[in-house]
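A.B. asks: can you look at this prediction? I've put the sequence above it.
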Amino acid sequence: MKRSLRQLVWFSLIGFLLVKLPGAEPLVLPVWPGVPPEETSDLGSEHDTTTESSEKVAGQRVIRLTDVHQPTLTVYSPEASVDTGASVLICPGGGHQILAMDLEGTEVAQWLNRIGVTGILLKYRVPARHKDPLWKSAVQDAQRSMRLVRAHAAQWRLDPDRMGILGFSAGGQTAVISALSHQKVAYEPLDAIDDLSARPDFGILVYPAWLVDATETFLKPEVQVDASAPPMFFAHANDDPISPQNSMLMFQALQKAGVSAELHLYDGGGHGFGLRASRFPASTWPESAERWMRLKGILP
């Protein structure tokens, strides 16, 4: 594969400078060496759209970031004493219009760190650059990010066989499509990083959105499940306006393909609850996800 001098220099500098130190300040690196693929949007500076009157979650405000045109990865490392070598790429939700950066991002990384997992927060492009499919730029960013994580596995002391992806709502759709289409590069390959696999070793999907058709009877055509899919964990509330059929039909398709999966449907919780504690049982999903990761040998 031919690579420009600029690409080779960028890759070398990133590999040399960005060394993950357990418990240190998070690393931040760009997802793309230059302009992201098919990027034509002329956006202003990214900004938080939340105001004093915006809806709160569990009594707290939410960062709703938009106008993201330069995707980044932020690497949150656990303390060395608990570091297991496992890692998870985090895809926040927000309807492909904003990113819930704390509710479904930094707070998730903090939880992962507590259980010994490196949390890698993806700030992908929003608002969506395409109307059909809406998820295209997000999936491009997620696929490239999984390859970047694999490229830095040695420097960041990560186990290359325990690299997962976790997505909420639209981020759940991004995570699912990225994981299922890992054999298809959603963009023109750029460098040696794109020779690496974009397949996560496991997936955690929390109230994933837009995986089913309008009748909520079938998975959408782009959601192609086969035996190459990674094991997945699902958490959804029965009263979620984003139908729990999204998780249920995915779970059934994985079962049919012979892929291990676990599904938790909770009696209440609605949508967009993240990890914040509440009176609803849905807020207990992190404990179930941790047990599942231990069952699957992702955690000791």
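C.D. replies: All right, it came through fine.
A.B. asks: in which helix or strand does L166 reside?
C.D. replies: Using DSSP states H and E, L166 sits in strand 163-168.
A.B. asks: and the next helix or strand past that strand?
C.D. replies: helix 170-180.
A.B. asks: tell me what the helix or strand just after that following helix is packed against?
C.D. replies: Per DSSP H and E, the first helix or strand lying C-terminal to helix 170-180 is strand 202-206. The contact analysis (3 or more C-beta pairs under 8 Å, 6 or more residues apart in numbering; DSSP states H and E) places strand 202-206 against strand 163-168, helix 170-180, strand 232-237, helix 285-295. All C-beta atoms are positioned from the backbone trio N, CA, C, and that covers glycine.
A.B. asks: just send the ones you listed back as TSV, with distance to L263 too.
C.D. replies: Listed next are the helices and strands packed on strand 202-206 as TSV, based on distance: least, C-beta to C-beta, whole Å:
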stretch	distance to L263
strand 163-168	16
helix 170-180	13
strand 232-237	5
helix 285-295	10
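A.B. asks: re the thing from before, can you spell out which helices and strands pack onto the strand holding L166?
C.D. replies: Partner elements for strand 163-168 (3+ C-beta pairs under 8 Å, 6+ apart): strand 87-91, helix 136-151, helix 170-180, strand 202-206.
A.B. asks: got the angle for the second one vs strand 163-168?
C.D. replies: Between helix 136-151 and strand 163-168, the angle formed by their directions is 150 degrees, by axes from the mean of the first three to the mean of the last three C-alpha atoms, to 10 degrees.
A.B. asks: give me the angle between helix 136-151 and helix 170-180.
C.D. replies: 60 degrees.
A.B. asks: I98 is nearest to which of the helices and strands packed on strand 163-168?
C.D. replies: helix 170-180 (9.4 Å; C-beta to C-beta).
A.B. asks: next one: stretch 136-155 to chain centre, how far?
C.D. replies: What separates the centre of stretch 136-155 from the centre of its chain is 10 Å, taken as C-alpha atoms, centre = their mean, to the nearest Å.
A.B. asks: let's see it as CSV, backbone CA atoms only.
C.D. replies: Only the C-alpha atoms of stretch 136-155 are listed here, as CSV (Å, rounded to 0.1, in the frame of the first residue of the first chain):
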residue,chain,number,x,y,z
LYS,A,136,-22.0,6.8,7.8
SER,A,137,-19.5,9.3,9.2
ALA,A,138,-19.9,8.0,12.7
VAL,A,139,-19.1,4.4,11.5
GLN,A,140,-16.1,5.7,9.6
ASP,A,141,-14.8,7.3,12.8
ALA,A,142,-15.5,4.2,14.9
GLN,A,143,-13.8,1.8,12.4
ARG,A,144,-10.7,3.9,12.2
SER,A,145,-10.7,4.2,16.0
MET,A,146,-10.7,0.5,16.6
ARG,A,147,-7.8,0.2,14.2
LEU,A,148,-6.0,3.0,16.0
VAL,A,149,-6.5,1.2,19.3
ARG,A,150,-5.0,-2.0,17.9
ALA,A,151,-2.1,0.0,16.4
HIS,A,152,-1.2,1.3,19.9
ALA,A,153,-1.9,-1.9,21.9
ALA,A,154,1.8,-2.4,22.8
GLN,A,155,2.5,1.2,23.8
